[in-house]
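J.: make a model of this:
(4 chains)
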Protein chains: 4
Amino acid sequence: MIKVGIIGATGYAGGELVRILLGHPEVKIIWYGSRSYIGEEYASVYRNMFELVEGRCLDDNLEELAQQADVIFTATPQGYLAGILTKELLAKTKVVDLSADYRIKDVATYEQWYGISHQSMELINEAVYGLCEINREQIKGARLIANPGCYPTCSTLAIYPLAKAGLIEMNTLIIDAKSGTSGAGRGAKVDNLYCEVNESIKAYGVASHRHTPEIEEQLSYASGEAVVLNFTPHLVPMNRGILITAYGTLKEKVSEEEIRSLYEEHYQQEKFVRLLPSGQCPETRWVKGSNYVDVNVKVDSRTNRVIMMGAMDNLVKGAAGQAVQNMNLIFGLPENMGLDLVPMFP
Amino acid sequence: MIKVGIIGATGYAGGELVRILLGHPEVKIIWYGSRSYIGEEYASVYRNMFELVEGRCLDDNLEELAQQADVIFTATPQGYLAGILTKELLAKTKVVDLSADYRIKDVATYEQWYGISHQSMELINEAVYGLCEINREQIKGARLIANPGCYPTCSTLAIYPLAKAGLIEMNTLIIDAKSGTSGAGRGAKVDNLYCEVNESIKAYGVASHRHTPEIEEQLSYASGEAVVLNFTPHLVPMNRGILITAYGTLKEKVSEEEIRSLYEEHYQQEKFVRLLPSGQCPETRWVKGSNYVDVNVKVDSRTNRVIMMGAMDNLVKGAAGQAVQNMNLIFGLPENMGLDLVPMFP
Amino acid sequence: MIKVGIIGATGYAGGELVRILLGHPEVKIIWYGSRSYIGEEYASVYRNMFELVEGRCLDDNLEELAQQADVIFTATPQGYLAGILTKELLAKTKVVDLSADYRIKDVATYEQWYGISHQSMELINEAVYGLCEINREQIKGARLIANPGCYPTCSTLAIYPLAKAGLIEMNTLIIDAKSGTSGAGRGAKVDNLYCEVNESIKAYGVASHRHTPEIEEQLSYASGEAVVLNFTPHLVPMNRGILITAYGTLKEKVSEEEIRSLYEEHYQQEKFVRLLPSGQCPETRWVKGSNYVDVNVKVDSRTNRVIMMGAMDNLVKGAAGQAVQNMNLIFGLPENMGLDLVPMFP
Amino acid sequence: MIKVGIIGATGYAGGELVRILLGHPEVKIIWYGSRSYIGEEYASVYRNMFELVEGRCLDDNLEELAQQADVIFTATPQGYLAGILTKELLAKTKVVDLSADYRIKDVATYEQWYGISHQSMELINEAVYGLCEINREQIKGARLIANPGCYPTCSTLAIYPLAKAGLIEMNTLIIDAKSGTSGAGRGAKVDNLYCEVNESIKAYGVASHRHTPEIEEQLSYASGEAVVLNFTPHLVPMNRGILITAYGTLKEKVSEEEIRSLYEEHYQQEKFVRLLPSGQCPETRWVKGSNYVDVNVKVDSRTNRVIMMGAMDNLVKGAAGQAVQNMNLIFGLPENMGLDLVPMFP
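T.: Next comes the predicted model:
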């Protein structure tokens, strides 16, 4: 049994980690870390876990945790892990970090977009960006995984085959994204109250959202060129789900079927990426609670653009599910172990 | 492997059966019956099942199905199964009926509330009312299970220990129930459109809902006396979930703790009934996607009434989950096989 | 023009007051009081008011306000107004209090349920309970109005004619109530976050909600006897709306039509109470944004109970709309001035 | 009093027309046309109108209606009005058409996108495109108004000043739009059921939505060049509201403040277009129930693009409100008469 510790277990991503790991046959959770609820029963914070989880919330003690746990998941605020992680700790345990601390290779870019200085930049190079479908082999040997952001996961997987094939003008890329409200976290803020979110939609972080450089970096690896793009997230009145609608100009005339073949090729072996039948648009209702990303493309011959679409559950493939997928790869387990979650509808 | 056929596989309860059975290690679905979608791929109707279900929808052919299947789940309109089921068919296969056809032992009562005449009343006595926590032993040997209605499941389990102990005046019972909209089915009706249901709540079927006599019958078995009660369901703008708030006058002064002990006793061995800690009210968010029923009681010394509360997922414990629980009992499998579904939150 | 001051203008009830008063032809708002947003533009807190409201939020200064305003609306926490209101202030201005401070005539009852000691009990007797349809004449000459709570307004109006006629056993009364989330206020609490409220329903304040004694007092006036009842509120995932389902045992056999005649008689002159056609249940979608209360009754001859139902918008008839109705009565304006709000659907 | 007839009075746009016109001091509705509900009381279809509307639904009789009404609003399926409207009818009455029949000047384009042949193309030239802020003067003398589509209204107003000023490369325009579900109409379709729409978001009509050529035509008038663009609508789980996020490449470096000055200039006299303060993104919650369009822009210097945003209520400014605004202009009434609707929040 793999002994797992979670730091930040009472946020929504932390709660989803617990939900998934409870169904994982090779895992035992030994540490429910939560600064806000130290000493309280975990099942009193997340009452869905009543009679399922016995433990109480513990303070964050990375030293102690590294001794006890085979792997630590950190679902913590930006900068937190970077401030305490060391090579010594990584010698004792594996870390899958759900924050953004090690996702961006260029420190200056990180510091500019996040507005904080990086406290352990010597670890950035060691960290593997845990987008399993792209970096599977490096993940297998890794000690430190930078678990991708929710928007970057969906965006990158929806765009990757076209970027890789060099078929789109990368500087024409525009990503218009929509997310459910669990992505905003469990903090008590007026803007996230039921009556503020319900019956409304808004854009936020326009031209300034922190996931922008993460997406740009990944797509630059795919395309082999520097990528600068527009990324606009929107808040949607629903609990879960991310939908990506991306636009790019085709370098030359390519048919939708040719592009779909490309996606087919890239993803036919991938259990968690589903290329939908021709003409079907991804919808978040069909992936809820599961680790799937549904993708599809539409070519508009009038404008010579391709519209790339992706839908997934932001808390699963966009956070906890992918984190477990990374854990499985690290420990040599079947990649889908504990992740055969059938999407729940309605 | 148990070969399973489903008639009515494209309704919400049918879809939920498929979701649950896909995760059941001893089951293989061999028949996706759906009159409305004959010949269409099941995964084109429920796109969450894309790449998970290969089959196409088939017409209803109970004869043929009885030959092939070890058990048939029928999620069909009232009166349908009663019109075609025979002892000959039951000699070949087991049937778990999610409709109300065999739930009520008194034919006159059935015909009065449902407004149809019963076509196979000779089978009513054989049918076992599949409320597993109450009728476990009879279910084990059964060929025909009348799977309980959603409201009756939640109501009966929330009230049962008090009724059984004879502590409440049964003729004072009032059940005020609230249900998510999946309970209204997948038929295309104006009243169930998004804009009609959203941002509204209403009572319906006041003093006339068909689940009333079913609840009365079950509580009369528990209490040993004829029960006539008020049952008022309400439609709530959410997908899943049933909440029961029931009121009854105590025959004599009993403390909340004494009543909780009674519930404790009844349910401590029951995996799927969770008696919440003292003072906590059941909420549907904590049981979504799972087979749990959360129950609790509150004594009001001012009025000498006890308020009995229950929350569950109407599609799981209120339909498909309980149906699978019945199947497990019939075939001698562990009762929770395929049902260890951790509630999904948020 | 009537000069109006609002204390607590940035809560949901305060915001609704502003929305309604902006359309009132005889009113000018001169004071947007809000301790939390002192100095900020009101329209930056409620951006729906952009280009409609020019003012900034001011501190609470009742002395100053009493000099300037003809009437003050207080949408403030319990105990706040009672702590600062005096006869001297009431000599200068009228007060319509949306808090509970002066609703309950018996101080001991108030202090027991609210857990605070009353700081100006000498004013309680002067205060008129502002349920306009019942106390219209006393309101006309009043200086201090205790604007009724949302649940008590809907409950009392739905039950009143039967209570007044002495047709129900008052000690059998059970009120099961359901409210939209704006009733929980605009405070930043985890329990009111979108993801916590959405897709869930729960009871709260079971056998202990503060509106209980208020309802009991009003119904005791109606029936002429002491009333002790059960009141159970529930939180519903929607912004606005209250639905009441109340149960009472009939003293003798009375037909639904007789009871409807009684309601007809009571409410036929009342613009804001609509007795629905026979058989139609009130639904909150039909009253949203308006000052209407829709009521109806159903007699259940099996149990000899009558089910009394009411639906209204908790922020309008349940708070701001009724407050304006009271203001109109105080100042001798047409009672519906500024309140001809057509319900918005969907 | 202006005598008004409505054809299609029981759709959502028709219902909103009734809501708004009931508050219009110079209007009397004389005809509630609805083929689906002939003979039924209008208030039994839209129960919010109980005690507010007396009339019954009538069949569509344009001849008769033209005799009786000063103006007819047609909220009818595509092609319906074009099949029956004549110059003779227009000699007797005014028509404000909420369908798309006369919005597009080029018949071939209309027939290609709508897939029907136009039955009265001789009237197309007479029809005035009723985007009041742009075509105010022509509307004043018009007999036939093509009331703009919901998406085109919001898109055009959000983009117009930049297009007019020639500051963006028009062939780079991408409009990503999001709409509430009332835009899908009141027809009983499985895809619009509560459980299908709730908790999900999807794109639809990708590269093929019928509002595309309408937007292109209006922006070509503004920019003086042919415009071909991408328009992608999305369905959002909420009742009302449209949000537009549009992207265009700037021809040269222009500051956000310069662009905002341009918008200021265009819209400072416009009551119903609100340019938000710098940095604030439009949100649909702030315009619900009102005739406002909130707009703003954001310049992204990294990509040299401008993001243009707009939010409005699809049923008001996107349908019924704008229709009434057009009526006011036709009859020489104050443009905002009956339209001073304060946005309702929450």
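
J.: ok so A:Val254 is a strand residue?
T.: No. Per DSSP: H, G, I helix; E, B strand; the rest coil, A:Val254 lies outside any strand segment and is coil.

J.: from chain D, how far out is the closest residue to it other than its chain neighbours?
T.: Spatial nearest neighbour of A:Val254, chain neighbours left out: A:Leu167 (5.8 Å); criterion: Cβ to Cβ, 6 or more residues apart in numbering or on different chains. C-beta coordinates here come from the backbone N, C-alpha and C atoms, glycine included. Remark: distance between A:Leu167 and chain D (Cβ to the nearest Cβ, to the nearest Å) = 17 Å.

J.: how about A:Leu167, phi and psi?
T.: phi -90, psi -10 (degrees, to the nearest 10).

J.: tell me how many other residues crowd it.
T.: Counted by other Cβ atoms under 10 Å in any protein chain shown, the residues lying close to A:Leu167 total 19.

J.: hang on, it packs against A:Ser261?
T.: No. Using Cβ atoms under 8 Å as the test, A:Leu167 is too far from A:Ser261 to be in contact (11.8 Å).

J.: residues shared between the contacts of those two?
T.: Residues touching both A:Leu167 and A:Ser261 (Cβ atoms under 8 Å, 6 or more residues apart in numbering or on different chains): none.

J.: what's near enough to touch the residue lying farthest from the centre of chain A?
T.: With distances taken as Cα atoms, centre = their mean, the residue sitting farthest from the centre of chain A turns out to be A:Arg302, at 34.0 Å. If you count contacts by Cβ under 8 Å, 6+ apart, A:Arg302 has them with D:207, D:228.

J.: strand partners (parallel or antiparallel) of the longest strand seen in chain A?
T.: Assignment by DSSP state E gives strand A:168-179 as the longest strand of chain A. Applying DSSP bridges to the sheet, strand A:168-179 is found paired with strand A:230-235 (parallel), strand A:242-250 (antiparallel).

J.: any chance of CSV for those strands, columns mean neighbour count and mean pLDDT?
T.: CSV is the format used below for those (neighbours: other Cβ atoms under 10 Å in any protein chain shown; pLDDT from 0 to 100):
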stretch, mean neighbour count, mean pLDDT
strand A:230-235, 24, 98
strand A:242-250, 25, 98
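
J.: domain ranges for chain A?
T.: Structurally, chain A divides into domains by automatic domain parsing as follows: A:2-126, A:151-314.

J.: measure the nearest residue to A:Ser36 once chain neighbours are set aside to A:Gly55 for me?
T.: Spatial nearest neighbour of A:Ser36, excluding adjacent residues (Cβ to Cβ, 6+ apart): A:Thr10 at 6.2 Å. A:Thr10 is 12 Å from A:Gly55, where distance means Cβ to Cβ, to the nearest Å.

J.: between these two, tell me which one has more neighbours.
T.: It is A:Thr10, of A:Thr10 and A:Gly55, that has more neighbours when counted by other Cβ under 10 Å, with 21 against 15.

J.: tell me which element that one is part of?
T.: Counting by DSSP states H and E, there is no helix or strand that carries A:Thr10.

J.: just the one 3 residues further on next, same as before
T.: Assigned by DSSP H and E, A:Ala13 belongs to helix A:12-22.

J.: starting at the chain centroid, how far to the longest helix along chain A?
T.: Looking across chain A with DSSP state H, the single longest helix is helix A:150-164. The chain centre lies 12 Å from the centre of helix A:150-164; the measure is Cα atoms, centre = their mean, to the nearest Å.

J.: quick check: angle from that helix to strand A:242-250?
T.: Relative orientation of helix A:150-164 versus strand A:242-250 (axes from the mean of the first three to the mean of the last three Cα atoms, to 10 degrees): 30 degrees.

J.: on the three-state scheme, the residue farthest from the centre of chain A is what?
T.: From three-state DSSP, the assignment for A:Arg302 is coil.

J.: what pLDDT does it get?
T.: As predicted, A:Arg302 sits at a pLDDT of 98.

J.: can you check A:Gly141 too?
T.: On the pLDDT scale, A:Gly141 gets 87.

J.: A:Thr74 versus that one, what's the distance?
T.: 20 Å.
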